[in-house]
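Novice: Here is the input, now give the coordinates:
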Amino acid sequence: MARLATRWPDARCELDHRNAFELLCATILAAQSTDRLVNTVTPALFAHWPDAHAMAAAPPDELERAIHSTGFFRMKARHLLGMARALVERHGGEVPADMDALCALPGVARKTANVILGTAFGTDRGVVVDTHVTRLSQRLGLTGESDPVKIERDLMALLPREQWRSFADRLIWHGRRVCFARQPACGLCDLAPLCPSADVPGRAAEAAAGDPTAAGATTAAEAEATATAAADGPFDSAPPALRSGRTGSRSRRSPKPSPSPSPKPSPKPSPSPSPSPKPSPSPSPRPKPSPKPSPRPKPSPKPSPRPKPSPKPSPSPKPSPASRPPRLPRR
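Specialist: Next up is the predicted model:
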């Protein structure tokens with residue numbers, strides 16, 4: 001706590017406000033958003049609707065447009081309207097300084113109620129537990145819980161009551177500026193020497209020197225064996241004859257008598273296997289009819305060949321002179 005106070009002496013709530021109503025509205029808008037973004041929206045918002053009576057009569061669509069950039073604007077607009085109307089109906093338009101009355105308002109849970117009571121009224125009823133307080137309290141080993149109510153209970157038991165609000169403000173500042181969610185700047189952190197989760201150079205070597213299990217032994221037995229071997233010296237490198245003792249004399253051990261082989265029992269005749277009953281023939285399933293082959297497409301008819309021209313008649317051979325009949329003499 002002293003290191004945080006030295007590092008962040010001026011830590012405070014970073015939501016701009018002038019009264020409890022403005023702080024209540026800004027805290028509702030800060031859900032799933034950043035304080036810097038909310039501070040850019042609230043001046044115009046409070047210029048149009050400065051108190052609970054004015055905001056209770058605000059048109060929903062205009063209110064949604066005014067807070068659109070903060071994200072989840074429809075849900076937040078419903079919470080703002082419900083909260084303002086509840087303040088008018090139950091508390092005359094004023095913000096109550098009571099934990100139960102605040103938690104009964106729409107959009108208000110215990111974290112928001114702690115912010116209002118501690119910052120606006122200066123009353124320490126609990127510890128503000130937001131995402132930064134949750135992350136840093138777990139990394140610092142202050143709690144092992146993940147539920148905000150249980151984390152608040154653990155921190156209230158560790159801290160004095162007068163430091164509940166200041167401790168939460170400083171832890172939030174430290175989480176936003178040094179101990180980031182993904183890559184914490186452990187080299188710039190004043191809490192690193194005390195933080196069990198800090199990535200500090202040389203811490204692994206110190207842990208390995210102080211704890212043999214950190215140097216590679218996975219169990220306590222392996223760590224003890226490693227320490228004993230280091231104290232006795234390189235016994236495994238000695239000759240095999242000297243590994244049985246440290247004085248150099250061979251240990252004379254009487255050889256163990258070999259057990260006499262017991263006679264093997266004669267194998268019992270195996271009973272003849274009874275004929276196994278023949279399995280009843282199961283009706284063979286009917287073969288499924290094979291699908292009919294699709295008919296082959298008929299070939300297109302070939303064009304008829306042209307008729308060949310008839311061969312010309314060969315000329316009759318002329319008779320040879322020898323085959324001619326003899327000419328008869330004229331009378």
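
Novice: Could you use CA atoms for every contact and neighbour count after this?
Specialist: Will do.

Novice: Helices along this protein, start to end?
Specialist: With helices called from DSSP state H, the chain shows them at 2-7, 20-29, 35-48, 52-56, 60-66, 73-91, 99-103, 110-115, 131-139, 148-158, 164-177, 203-210, 220-232.

Novice: These into TSV, with extra columns for mean pLDDT, mean neighbour count and distance to Phe121?
Specialist: As requested, the helices of the chain are exported to TSV (pLDDT from 0 to 100; neighbours: other C-alpha atoms under 10 Å; distance: least, C-alpha to C-alpha, whole Å):
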stretch	mean pLDDT	mean neighbour count	distance to Phe121
helix 2-7	92	13	22
helix 20-29	97	22	8
helix 35-48	97	16	20
helix 52-56	97	20	18
helix 60-66	96	15	27
helix 73-91	97	19	16
helix 99-103	96	17	12
helix 110-115	96	23	9
helix 131-139	96	19	21
helix 148-158	96	17	19
helix 164-177	95	21	12
helix 203-210	56	12	44
helix 220-232	43	12	55
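
Novice: Columns distance to Cys189 on top of those helices, output as JSON lines?
Specialist: Supplementary listing: the helices of the chain in JSON lines, determined by distance: least, C-alpha to C-alpha, whole Å:
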{"stretch": "helix 2-7", "distance to Cys189": "9"}
{"stretch": "helix 20-29", "distance to Cys189": "28"}
{"stretch": "helix 35-48", "distance to Cys189": "23"}
{"stretch": "helix 52-56", "distance to Cys189": "42"}
{"stretch": "helix 60-66", "distance to Cys189": "39"}
{"stretch": "helix 73-91", "distance to Cys189": "36"}
{"stretch": "helix 99-103", "distance to Cys189": "35"}
{"stretch": "helix 110-115", "distance to Cys189": "26"}
{"stretch": "helix 131-139", "distance to Cys189": "12"}
{"stretch": "helix 148-158", "distance to Cys189": "21"}
{"stretch": "helix 164-177", "distance to Cys189": "9"}
{"stretch": "helix 203-210", "distance to Cys189": "15"}
{"stretch": "helix 220-232", "distance to Cys189": "34"}
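
Novice: Cys195 is nearest to which of those?
Specialist: Of all these, the one in closest proximity to Cys195, counting by C-alpha to C-alpha, is helix 131-139 (7.0 Å).

Novice: before we move on, the earlier item: which of the helices of the chain sits closest to Leu191?
Specialist: Each of the helices of the chain has some distance to Leu191 by C-alpha to C-alpha; the shortest is helix 2-7, at 6.9 Å.

Novice: which strands and helices sit next to that closest one?
Specialist: Helix 2-7 is packed against helix 164-177, with contacts defined by 3 or more C-alpha pairs under 8 Å, 6 or more residues apart in numbering; DSSP states H and E.

Novice: can you give me the angle the helix it packs on makes with helix 131-139?
Specialist: 90 degrees (axes from the mean of the first three to the mean of the last three C-alpha atoms, to 10 degrees).

Novice: how about helix 164-177 as CSV, C-alpha atoms only?
Specialist: Taking Å, rounded to 0.1, in the frame of the first residue of the first chain, the C-alpha atoms of helix 164-177 are listed here in CSV:
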residue,chain,number,x,y,z
TRP,A,164,-10.7,1.2,1.1
ARG,A,165,-11.5,4.0,-1.3
SER,A,166,-7.9,5.3,-1.8
PHE,A,167,-6.5,1.8,-2.3
ALA,A,168,-9.1,1.1,-5.1
ASP,A,169,-8.4,4.4,-6.8
ARG,A,170,-4.6,3.8,-6.8
LEU,A,171,-5.0,0.2,-8.0
ILE,A,172,-7.2,1.4,-10.9
TRP,A,173,-4.6,4.0,-11.9
HIS,A,174,-1.8,1.4,-11.7
GLY,A,175,-3.8,-1.0,-13.8
ARG,A,176,-4.5,1.6,-16.5
ARG,A,177,-0.9,2.9,-16.7
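
Novice: which residues make contact with that helix from outside it?
Specialist: Defining contact as C-alpha atoms under 8 Å, 6 or more residues apart in numbering, one finds that helix 164-177 is touched by 1, 4-5, 8-9, 11-13, 118, 124, 126-129, 132-133, 136, 156, 181.

Novice: for stretch 131-147, same thing?
Specialist: Here stretch 131-147 has contacts from 148, 151, 154-155, 168, 171-172, 175-176, 179, 181, 194-197, using C-alpha under 8 Å, 6+ apart.

Novice: now do the same end-to-end measure for that stretch.
Specialist: Using C-alpha to C-alpha, to the nearest Å, the gap from the first to the last residue of stretch 131-147 comes to 11 Å.

Novice: Over to stretch 115-134?
Specialist: The first-to-last residue distance of stretch 115-134 comes to 15 Å (C-alpha to C-alpha).

Novice: What are the buried residues along that stretch?
Specialist: By 16 or more other C-alpha atoms under 10 Å, the buried positions in stretch 115-134 come out as 115-120, 123-129, 132-134.
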